[in-house]
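Visitor: After the sequence you'll find the predicted model.
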Amino acid sequence: MGGKKIKSVSYAKYGYIFSLPFVLAFLIFTAYPVLYTAVIGFTDLKGLGKTDFKFLENPFQNFIQILKTPSFQKSLGNTVLIWTVNFLPQILLALLLTAWFTNQRQKIRGQGAFKVLFYMPNIITAATIAILFSTLFGYPMGPMNDLFKLLGLSQEPINFLNNKTTARMVVSFIQFWMWYGQTMIVLIAGVLGINPELFEAAEIDGATSRQVFFYITLPSLRTIMLFTLVTSLIGGMQMFDIPKLFLNGGPDNATLTVSVFIYNQAFSGSYMYNRAAAASMILFIIIVVLSAILFYVMRDKDAAKMKKEIKKMKAAQKAAAKGVQA
Amino acid sequence: MSRKPEPLAGRAISKTIKYIVCIFLAILSIMPFWIMFMNATRSTYEIQATSIALLPSTYLESNWKVFHGKSFNPLVGFKNSVIIAVFTTIVNIYFNSLTAYALVAYQWKLRQPFFSFIMAILMLPAQVSSIGFYQFMYRIGWTNSFLPLILPAIAGPGVVFFMRQYLLGALSIDIVNSARIDGAGEFYTFNRIVLPIMKPAMATQAIFTFVGSWNNLFMPLILLTDNKNYTMPIMVSLLRGDIYRREYGAIYLGLSLTVLPLFIVYFALSKYIIAGVALGSIKE
């Protein structure tokens, strides 16, 4: 029957046809806008409703201007600070909870419910959370002030968010609070993916829970932690919703992040699309460099060495084979 | 070789500490939202007297009336957000599943390079393209349209990756071949035979796409300037405005209304969501 025919039909073209929508959407809505943004960075494009532009005489003028702008420098410092202060406790708490939740000797009841509650803030609209927290920290009246009075910490109402350090800390806390549950679930999944024989062997050797955690669990989580670190960094460098709606970058630019800076440059004041585009490109370069450094520092040195050895061996084998032939 | 038993008292103490920490963190997750929901039902006067209440009051309706004739319109925001999120989810899941299928089922020359390319753009920061994207959309008159918020979802590298992993495990090429023998076209085979196989993976990804679209602030804020097009997060941002400065009850109610749909979705599907987060993390 048609058996022979089926074999002769090539289906390869469907690979291209079925990938076409993805490729087109990527080219139109991502690749082109990225290049366009890069181009705008070298032009004089500014002003609401403007779309035509001329290239600047000194093509790097916008980049130089942006790097010299004090509020940009400040926004960069704030972004790194707010991200670091949120990430360190986040990964430590997530690791601690992971150790507890995966400890076979001392099981914690209600784990499912705890996971659901810890992850919950992550799914709620960040815009809502920002305004909710600014209301919770209200002055002179607000739940936080009431709580301080109740606990006897302060008799007078405190204007928390007028203080630069407190404002930054609260933004970091919100980020921490929204993300530690996600990080924990990812790490627990990582632990469950570790070969159970490793744990059994440790059990037989009489290792304590602590030893198991530090000598088996933690080293095995290396790749997943690197992944968490890089995604958190990329997300953190683009932090927008919370700092924008919590205090709109205030007080005195203390919570101004790079994304909020870019938004304010492009969509308020004198609508400087060119400066905003230059700032976007600078941010992009920073993200790429930081990610590359992280990948390099955290790379698995043993695995890299192994790969090299294998390559060498293969080369040697080839050489040997050639030698035999000759 | 026998394991040293830890002292019984020590174990009890460590267990108690664990529960205390976990319960504290659980309260920390619930408390802000609890205060919000309760205050949504309380009058501004009550809130000014004590802003933390564990039980509701009776001013829900009068708080709702505050929104009358003001720019914060939760019904309009809800409608717009639903339209955008539903269509975003549909095109995102459908076209990226199709791309994943192309990567798994067919032998084509550029298959491996294309997959490497998808991995490379997986972590591309969205911020890099926003200014060019806005200018582009402005030039072709697509500001205040929902299309620029929906169509880019056709190219979702993360979803392609996830779907590819799923298909590698779940799809047997024999099914596809027998459909071919029965004379089914490739497109028909995908829609009628492959898509149903992918249902569990699609459901997981659909939840995250929907929630991501629903919560998105940056792009809608830039593109939608007409307040009848505002999405829920933009509506929320209006609550910061001066008109509501003294209307605490209404602010809390407004915030609650934006959170409520998410709470319903989350608690109905939390099992799948948690499993989905865990699955999405295993990238190797």
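Guide: Everything's here; your move. Numbering: from 1, shown residues only, chains lettered A, B, ... in the order given.
Visitor: Can you name the element that comes right after the helix or strand that contains A:S259?
Guide: Secondary structure from DSSP states H and E places A:S259 in helix A:258-267. Following helix A:258-267 in sequence order, the next helix or strand is helix A:273-298 (DSSP H and E).
Visitor: which regions of the chain lie under the pLDDT threshold?
Guide: With no chain named, the answer covers chain A. Low-confidence segments of chain A, defined by pLDDT under 70, span residues A:1-9, A:302, A:322-326.
Visitor: I was after chain B.
Guide: Applying pLDDT under 70 to chain B flags residues B:1-7, B:242-245, B:281-284.
Visitor: can we see that at 80?
Guide: Within chain B, the ranges that satisfy pLDDT under 80 run B:1-10, B:69, B:241-246, B:280-284.
Visitor: Where does the record place the domain boundaries for it?
Guide: B:8-62, B:74-238 (automatic domain parsing).
Visitor: and among those domains, the most buried is which?
Guide: Most buried of the domains of chain B, by mean neighbour count (mean count of other CB atoms under 10 Å in any protein chain shown): domain B:74-238, with a mean of 18. C-beta coordinates here come from the backbone N, C-alpha and C atoms, glycine included.
Visitor: circling back to that earlier point, any residues touching the helix holding A:S259, and which ones?
Guide: Residues from elsewhere that reach helix A:258-267, judged by CB atoms under 8 Å, 6 or more residues apart in numbering or on different chains: A:71-72, A:75-76, A:79, A:237-240, A:243-244, A:248-249, A:272-273, A:275-277, A:279-280, A:283, B:127, B:130-131, B:134, B:218, B:221-222.
Visitor: Make a ChimeraX selection of whichever of these turn out to be buried.
Guide: Only the buried entries of the contacts of helix A:258-267 go into this ChimeraX selection, using 16 or more other CB atoms under 10 Å in any protein chain shown:
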select /A:72,75,76,79,237,238,239,240,243,244,248,249,272,273,275,276,277,279,280,283 /B:127,130,131,134,218,221,222
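Visitor: hmm, back to that, tell me the angle of the helix holding A:S259 relative to helix A:273-298?
Guide: 160 degrees (axes from the mean of the first three to the mean of the last three CA atoms, to 10 degrees).
Visitor: For helix A:258-267, list the C-alpha coordinates in CSV.
Guide: The C-alpha trace of helix A:258-267 is given here as CSV (Å, rounded to 0.1, in the frame of the first residue of the first chain):
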residue,chain,number,x,y,z
VAL,A,258,17.1,52.3,37.3
SER,A,259,13.8,51.3,35.8
VAL,A,260,11.9,54.0,37.5
PHE,A,261,14.6,56.5,36.4
ILE,A,262,14.1,55.3,32.8
TYR,A,263,10.4,55.6,33.0
ASN,A,264,10.6,59.1,34.4
GLN,A,265,13.1,60.2,31.7
ALA,A,266,10.9,58.9,28.9
PHE,A,267,7.3,59.4,30.1
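Visitor: ok, and for the longest helix seen in chain A, which residues are buried?
Guide: Looking across chain A with DSSP state H, the single longest helix is helix A:70-101. Within helix A:70-101, the residues scored as buried using 16+ other CB under 10 Å are A:72, A:74-76, A:78-80, A:82-83, A:85-87, A:90-91, A:93-95, A:97-101.
Visitor: Need the residue closest to the centroid of chain B.
Guide: B:V211 (1.6 Å; CA atoms, centre = their mean).
Visitor: That one touches A:I123, doesn't it?
Guide: Yes. At 5.6 Å, B:V211 and A:I123 qualify as touching, with contact defined as CB atoms under 8 Å.
Visitor: Now for those two: what residues contact both?
Guide: Common contacts of B:V211 and A:I123, defined by CB under 8 Å, 6+ apart, comprise B:L262.
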